[in-house]
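> Pasting the sequence and the predicted model now:
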Amino acid sequence: MNNLESLFFAGIDWGKNSHQVCVIDNEGSVVEGKSFRHTGTGLFEMSQWIQKVSGSDSCDMAVAIEVNHGPVVESLCEQGFMVYSVNPKQLDRFRDRFCVSGAKDDRKDALVLASALRTDRRRFRRVEPQNLDVIVLRELTRTREELTRERTRLVNRFRTLLWRYYPQFEELLGSTVRPWHLELWELIPCPGAANGKRASTVNKILKRNRVRRVDAEGALKILRAERINVSDATVQSCVFHIRSVVERLKVADRQLGGIKDSIEKVIETVNEKLKAEGDGPTDIEILRSIPGVGIVVLATLIAEAWSLVRRRDFEAIRCLGGTAPVTRQSGRTKLVVRRRAVCKSLSAAFHILGGIAVTNDPVSKAKYEELREKGHGYCRSVRTVCDRLLFVARVILEKGELFDKEFRKPLPDAA
């Protein structure tokens with residue numbers, strides 16, 4: 001059958017150790033319910049049981065679940081079920097149909113999911129089988145985000161400890177901590193160690209890391225400045241703590257470098273497969289040509305919304321990335337607010353996209369300045385610039401053309 005007239009619907013209330021399943025027919029009557037363990041055997045038995053009690057093939061069964069990823073979803077998709085993702089907030093509203101007191105349990109939630117899918121199927125997004133390369137890329141980008149957050153925490157701890165006993169070293173850090181900063185600290189971990197070091201030794205570190213903004217003599221002059229009057233115990237404890245932080249920073253930097261290389265390889269693999277499909281620029285080449293789209297933005301867009309990009313469903317991308325506002329209107333009251341229910345990774349990537357475009361694209365810069373003159377804040381203005389770039393991306397993807405920087409120059413007084 002495999003159409004919108006499925007005779008049976010299943011709801012799965014997933015859990016860490018077990019999953020509660022409820023199957024209903026097209027009239028809403030409960031056929032049967034059962035719980036299955038979260039094991040390979042349990043998930044296989046669950047899919048076989050759903051087909052058995054419904055008497056239908058997997059391709060003719062519609063299944064509702066609260067998540068759009070994970071082993072349960074992947075297992076069902078691999079076996080051909082039509083899986084639909086239901087937001088937990090939506091499930092909470094549908095639960096009021098059955099009980100307004102707020103009472104809930106796993107069996108009732110499974111029934112609510114199945115019933116909601118039966119009555120409002122077109123309101124939910126179907127989970128599509130993912131490209132294998134996209135699955136790998138999604139894990140890489142999320143691991144990179146996790147490592148970046150961890151590195152930020154370590155950098156903040158590094159700065160805090162330096163502030164306690166070695167504030168002159170912090171003058172060399174700038175906006176972030178680079179590998180040469182760590183090498184230099186290991187060479188001169190405290191103010192007293194700076195007096196016995198030669199400029200030639202420091203110069204080797206700077207030369208090896210291609211540092212030009214400061215020379216060896218200038219660095220030593222800063223480090224030999226008047227020290228803070230603290231006890232030796234405080235200095236020793238801070239040095240011991242920072243040594244641990246430095247080791248972890250080195251590991252994070254090494255892993256981030258490896259993940260970046262892996263991300264580039266996966267993107268190139270996807271691009272090569274797209275090239276084999278036809279002539280002309282691929283979707284990845286077109287997206288890469290847009291101002292502000294670097295390796296991080298491109299990888300996040302592919303990982304989190306590749307199926308939407310391929311379908312050219314940019315309205316869904318705007319909602320997922322948070323550039324589409326939310327309008328709340330009742331009677332004469334109308335309020336337009338920022339969308340909060342978004343994919344955080346994609347929203348952060350779009351913020352980067354808009355910020356870089358403002359610097360590198362004259363049209364985006366003119367639009368940004370216009371918004372700022374109207375009194376909008378930085379983040380609001382950058383979101384609007386990004387929203388415009390998404391519109392441009394949809395147009396050039398539909399035409400199969402690369403971004404043309406000379407297509408629409410701003411007026412001289414606007415630029």
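Sure, I can see it.
> so where's the chain uncertain?
1-6, 405-415 (pLDDT under 70).
> And the next helix or strand past the lengthiest helix in it?
Looking across the chain with DSSP state H, the single longest helix is helix 232-275. The helix or strand immediately downstream of helix 232-275 is helix 283-288, counting by DSSP states H and E.
> Quick one: list the elements packing against that next one.
helix 232-275, helix 295-311, helix 378-399 (3 or more Cβ pairs under 8 Å, 6 or more residues apart in numbering; DSSP states H and E). C-beta here means a position set from N, CA and C on the backbone, and glycine is covered the same way.
> Name the helix or strand for the residue nearest the centre of the chain, please.
With distances taken as Cα atoms, centre = their mean, the residue of the chain nearest its centroid is residue 345 (1.9 Å). Here residue 345 sits within helix 344-360, counting by DSSP H and E.
> now the following helix or strand past that helix against helix 378-399, angle please.
The C-terminal neighbour of helix 344-360 among helices and strands, as given by DSSP H and E, is helix 362-373. Angle of helix 362-373 versus helix 378-399, following axes from the mean of the first three to the mean of the last three Cα atoms, to 10 degrees, is 150 degrees.
> what comes up buried for helix 362-373?
363, 364, 365, 366, 367, 368, 371 (16 or more other Cβ atoms under 10 Å).
> From the contact counts, what lies against that helix?
helix 344-360, helix 378-399.
> and it, C-alpha only, in PDB?
Presented in PDB, the C-alpha positions along helix 362-373 are these (Å, rounded to 0.1, in the frame of the first residue of the first chain):
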ATOM      1  CA  PRO A 362      29.400  44.600   0.400                       C
ATOM      2  CA  VAL A 363      25.600  44.000   0.000                       C
ATOM      3  CA  SER A 364      25.400  42.200   3.300                       C
ATOM      4  CA  LYS A 365      27.400  45.000   4.900                       C
ATOM      5  CA  ALA A 366      25.000  47.600   3.500                       C
ATOM      6  CA  LYS A 367      22.000  45.600   4.700                       C
ATOM      7  CA  TYR A 368      23.600  45.200   8.200                       C
ATOM      8  CA  GLU A 369      24.300  48.900   8.500                       C
ATOM      9  CA  GLU A 370      20.700  49.700   7.500                       C
ATOM     10  CA  LEU A 371      19.300  47.500  10.200                       C
ATOM     11  CA  ARG A 372      21.600  48.900  12.800                       C
ATOM     12  CA  GLU A 373      20.600  52.500  11.900                       C
END
